[in-house]
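**Q** here is my input, please return the structure:
(chains A and B)
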Amino acid sequence: DSGVTQTPKHLITATGQRVTLRCSPRSGDLSVYWYQQSLDQGLQFLIQYYNGEERAKGNILERFSAQQFPDLHSELNLSSLELGDSALYFCASSGGTGQAGEAFFGQGTRLTVV
Amino acid sequence: GQNIDQPTEMTATEGAIVQINCTYQTSGFNGLFWYQQHAGEAPTFLSYNVLDGLEEKGRFSSFLSRSKGYSYLLLKELQMKDSASYLCAARGSNYQLIWGAGTKLIIKP
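**A** Take a look at the predicted model:
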């Protein structure tokens, strides 16, 4: 158990819909990262928050947005969903507890858009 | 620019040794990470190098050469459960992680 909690584990929704993925980081970690991983692909960095503020942006679509709340949990909002958005979405946290500042990953949310 | 290269796929035999290479280019350098990822699961942290040399952790070792922008992960006494993808990630001076696409390791009996 990495200590990072993601909900829900699975999500099936229709094209055009909007969903929210939730992440609770490890206790003490201030950084939260969101990644997208399509089938048999590498990790695509979406966005990073540090202590409530956006720190870095990767290849995040305009239809996607995220925020980190005062209690440090984070949400990733995906709207106007398309079939190609079907993927595993991982949240990771770092900064407070890792010896090397390594990132710890949640178990992911598997999103299926039909 | 920033880039990570690692082989797409490797095959090895149970009980043998395999070396997975990674070359990187980052804006500044603040450490090199290796992660293991089984299919459909979350990546898990394996090792970290920030200084040149070899770090050993049981059956797994990781090496770094900063001057060459090069790292490798060495897996000894391979077991079937080591079949997974191995991800190399470099951390730049702004503490951003740049990820490789991963090396899929297939272990054969």
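**Q** got a list of what residue 63 touches?
**A** Picked chain A for this. A:Arg63 sits next to A:Leu78, A:Ser79, A:Ser80, A:Leu81 when contact means CB atoms under 8 Å, 6 or more residues apart in numbering or on different chains. (Glycine included, C-beta is placed from N, CA and C.)
**Q** to clarify, I was referring to chain B.
**A** B:Phe63 touches B:Asn49, B:Gly53, B:Leu54, B:Glu55, B:Ser71, B:Tyr72, B:Leu74, counting by CB under 8 Å, 6+ apart.
**Q** which strand residues bridge the second one?
**A** In this structure, B:Gly53 bridges to B:Leu64 when assessed by DSSP bridges.
**Q** enumerate the residues of chain A near chain B.
**A** A:2, A:33, A:41-43, A:45, A:48, A:56, A:88, A:90, A:98-108, A:110 (CB under 8 Å from any CB of the partner chain).
**Q** between the contacts of A:Arg63, which is nearest B:Tyr35?
**A** A:Leu78 (24.5 Å; CB to CB).
**Q** what about the closest one, how many residues nearby?
**A** For A:Leu78, the neighbour count with other CB atoms under 10 Å in any protein chain shown is 24.
**Q** that one contacts A:Leu111, doesn't it?
**A** Yes: using CB atoms under 8 Å, A:Leu78 and A:Leu111 qualify as a contacting pair, with a distance of 7.3 Å.
**Q** just the strands from chain B, written as ranges.
**A** B:3-5, B:9-13, B:18-25, B:32-37, B:44-49, B:53-57, B:60-65, B:70-75, B:84-91, B:97-99, B:103-108 (DSSP state E).
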